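In: Need coordinates for the below:
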Amino acid sequence: MKFNSILKRTIQYSFTEKDLDELEQDIVDYVKEYEIIYYQFSAQRLSACPHTTFETMGHHVTIGPSSWSIGVYQAAQLFEVVNRYNVTQLMPLRRDMNVPSRHEKRFSKSAYLISFLCNPVKHNHTPDMTIQKKIAKHLTTSFGGLIRAWLDILPQIMEHWVKVCIGNGGHLIRGAIAQMSSWQSFRDASFVRYELIADANAHCPQAKEDFVRTVYYGRLEYILHCTIPSNVISKNTEPKTILFGIITTCTQGHDATLELTYFRSLMLYIEIVDLAAICAVVGRIQIGTTNPQWVIVDRSGSWVRTAFTDDSLTVDTPQQDKL
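Out: Numbers count the residues shown, from 1 in each chain. Model (predicted):
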C-alpha cells in the first residue's frame, strides 16, 4: 500500500513544495523497509533493488511531474553494479547527443536547430506528382514565384527518411511508415505537434492579412531530404537543403497544453511542412466506445516552442529603463 500511494503521487500533474517534501520522506522510509524485507543487501537480489525511486525526486524538480521512466530504473541498476563491484572503468561513456552515430545524418539549419535523420533511408526515392506539387506550393509561399516554375526546379529524386531525432536532447520521431513496417513493437511516436504562421483571415479574401502562430497536430508519415539547386527565385547561389515533413493533419488551432483537444480520425489532407516546424512528439488516448474519439496528450513545455523571427527587422540599440 505504501508503494501504491507513492506511485499515485509521482504521476500527479502538479506539486507544491510541501507535497515534494512529504513524498521524498515517504520514499526514504519505504526504501529502508524494502531493503530489510526483500532486497536484504544481497547481489543475488539486485533485480529487486528499489533505489531507483530515489531518482524520482530529482526528475520531478528538474524536468517536471510524471517524468519517471524505465530508463531511470535501468540507469539506477547500472549505477548500483558499478559502485558495488568498483568497475567504474567499465561504465559506458555518455554519448554527445549532438554528434551523429554511424546510422544517422546530421542536418543543421542554425546553431540552435539540429536534426538527426536516422536509418532506414531510400536514396533514390521519386515523390509522386501530388507531393511534388505540394512541395512547390510550399516553396511558392516561402520564396515567391509560380508553382509551375518550382516544379521545373525541384529535383526528381529525393532521399526518403522515416525517423528523425531533434537535436539538443529532443524527441525521437518515428514516421508512420516505420511504425507499420517494423516487426518490433514500438510505442507509436509518429504523432507530433507542429506550429505554423497562418493567416487568421484566410477565409475572408477581402480582409487584411493577419498572421498568427497556429498549433497543429498530425501524424508524420516520412521525411524528404530535398536539395534545391541555385535559382533566381529563392536567390540561393549554392544548392540549399530543406527537410520536408509529410504530415497527415488531425487537428488545427487547438493547443492541447492549454485545453482538452480531441479528434475522431485523421483528415484526408496531407500537409508539407519544414521539419523545423515540428516541436515534439505527443501521445493520444482513445476514449468512448460507441462513438470513440482520441484525446491528445501534449506534455511539451515552453522550451520546445518554435521561434518565428522576421529577418527584415533591424535590431535597435536597447535603451536604458527610466528610473
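In: which residues in the protein form helices?
Out: For the chain, the helices defined by DSSP state H cover 2-10, 17-34, 55-62, 70-85, 129-143, 147-153, 176-181.
In: what stretches of this protein score poorly on pLDDT?
Out: For the chain, the stretches flagged by pLDDT under 70 are 1, 7-8, 10-15, 38-104, 107-114, 168-169, 179-186, 301-323.
In: do that again at 50, thanks
Out: 62-63, 66-70, 111-112, 303, 308, 310-323 (pLDDT under 50).
In: now the strands for it?
Out: Counting by DSSP state E, the chain has these strands, from start to end: 104-110, 113-125, 158-166, 172-174, 191-199, 211-228, 240-252, 262-263, 270-274, 278-281, 283-287, 293-297.
In: Adding distance to Asp26 and mean neighbour count, write those strands out as JSON lines.
Out: Glycine gets a C-beta too; all of them are placed from N, C-alpha and C. Shown next, in JSON lines, are the strands of the chain (distance: least, Cβ to Cβ, whole Å; neighbours: other Cβ atoms under 10 Å):
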{"stretch": "strand 104-110", "distance to Asp26": "42", "mean neighbour count": "14"}
{"stretch": "strand 113-125", "distance to Asp26": "40", "mean neighbour count": "16"}
{"stretch": "strand 158-166", "distance to Asp26": "36", "mean neighbour count": "22"}
{"stretch": "strand 172-174", "distance to Asp26": "34", "mean neighbour count": "19"}
{"stretch": "strand 191-199", "distance to Asp26": "35", "mean neighbour count": "19"}
{"stretch": "strand 211-228", "distance to Asp26": "37", "mean neighbour count": "19"}
{"stretch": "strand 240-252", "distance to Asp26": "39", "mean neighbour count": "19"}
{"stretch": "strand 262-263", "distance to Asp26": "36", "mean neighbour count": "16"}
{"stretch": "strand 270-274", "distance to Asp26": "46", "mean neighbour count": "18"}
{"stretch": "strand 278-281", "distance to Asp26": "32", "mean neighbour count": "22"}
{"stretch": "strand 283-287", "distance to Asp26": "28", "mean neighbour count": "13"}
{"stretch": "strand 293-297", "distance to Asp26": "27", "mean neighbour count": "17"}
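In: JSON lines for the ones you listed, including distance to Glu24?
Out: Shown next, in JSON lines, are these (distance: least, Cβ to Cβ, whole Å):
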{"stretch": "strand 104-110", "distance to Glu24": "38"}
{"stretch": "strand 113-125", "distance to Glu24": "36"}
{"stretch": "strand 158-166", "distance to Glu24": "32"}
{"stretch": "strand 172-174", "distance to Glu24": "31"}
{"stretch": "strand 191-199", "distance to Glu24": "32"}
{"stretch": "strand 211-228", "distance to Glu24": "36"}
{"stretch": "strand 240-252", "distance to Glu24": "38"}
{"stretch": "strand 262-263", "distance to Glu24": "36"}
{"stretch": "strand 270-274", "distance to Glu24": "43"}
{"stretch": "strand 278-281", "distance to Glu24": "29"}
{"stretch": "strand 283-287", "distance to Glu24": "28"}
{"stretch": "strand 293-297", "distance to Glu24": "27"}
